[in-house]
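> Give me coordinates for this.
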Amino acid sequence: MKRAVYLMRVQPIRRRISIAACAAVLLAGCTTSQPTLHGDPAHPAAQRWLRTELYFGIGPADDADAAAHERRWRDFLDREVTPRFPDGLSVYDVYGQWRSQGHSEIERLHSKELLILHADTAQHAAEIEAIRAAWKRETGDQSVLRVSQPAEVSF
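Residues are numbered from 1 along each chain as shown. Sure, this is the predicted structure:
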């Protein structure tokens with residue numbers, strides 16, 4: 001009798017384990033390291049993708065002329081960025097601060113974060129560097145922070 005009770009308790013557990021194992025195998029087939037593009041010829045699936053963030057200081061955080069800085073940013077975006085990445089991008093308002101080496105005062109800036117998802121190609125890398133150089137040339141800023149990391153992309 002003890003054996004029958006033991007089997008009745010173990011069989012439901014084994015059944016749950018085998019159902020969970022089957023589900024794991026099925027779900028594993030759904031993941032991929034390549035972008036899932038569903039036949040979009042403009043975005044070939046064989047390419048590796050990057051998520052690139054660029055950070056632009058557009059003016060002092062406490063500046064009364066924020067509207068002029070915003071207009072300058074929009075003009076720059078339309079002239080330098082959008083033609084290079086016409087398929088899309090995202091822009092976020094951010095606040096940035098830092099202390100220059102050798103100075104005790106903290107600099108605070110109203111800033112923009114530009115997020116671009118793009119194929120990892122030499123052409124796109126060159127376009128991003130051209131955007132950074134154009135902003136530095138136009139504003140006199142010393143830097144435009146760039147952060148790039150691999151991205152799994154699906155359209």
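
> Count the neighbours of L114 for me.
By other Cβ atoms under 10 Å, the residues close to L114 number 22. In short, each C-beta sits where N, CA and C put it, glycine included.

> Backbone dihedrals for the nearest residue to it once chain neighbours are set aside, please?
Nearest non-adjacent residue to L114, counting by Cβ to Cβ, 6 or more residues apart in numbering: L54, 4.4 Å away. Here is the backbone geometry of L54 (degrees, to the nearest 10): phi -120, psi 140.

> roughly how far apart are L54 and S104?
28 Å (Cβ to Cβ, to the nearest Å).

> higher neighbour count, these two?
Shown here are L54 and S104; by other Cβ under 10 Å, L54 has more neighbours (21 against 6).

> Quick check: that one touching S143?
No: taking contacts as Cβ atoms under 8 Å, L54 lies outside contact range of S143: 10.5 Å.

> correct me, but W98 touches E107?
Yes: here W98 reaches E107: they are 6.0 Å apart, a contact under Cβ under 8 Å.

> returning to what we had before: per-residue pLDDT, the residue nearest to L114?
Looking at L54, its pLDDT reads 98.

> okay, which residue is most central for the protein?
Nearest to the geometric centre of the chain sits R51, at 3.9 Å (Cα atoms, centre = their mean).

> Check which helix or strand that residue maps to.
strand 49-60 (DSSP states H and E).

> That strand: which residues count as buried?
The neighbour-count check on strand 49-60 (16 or more other Cβ atoms under 10 Å) flags 49-50, 52-59 as buried.

> do stretch 100-112 as well
Neighbour count says stretch 100-112 has 109-112 buried, by 16+ other Cβ under 10 Å.

> likewise stretch 70-85?
73, 76-77, 80-81, 84-85.

> element containing I128?
Assigned by DSSP H and E, I128 falls in helix 122-139.

> picking that back up, gap between the residue nearest to L114 and F155?
According to Cβ to Cβ, L54 stands 22 Å off from F155.

> thinking again about what came up before, which residue is the nearest non-sequential neighbour of the residue nearest to the centre of the chain?
A151 (3.9 Å).

> Do you know the pLDDT at that neighbour?
For A151, the pLDDT comes out at 94.
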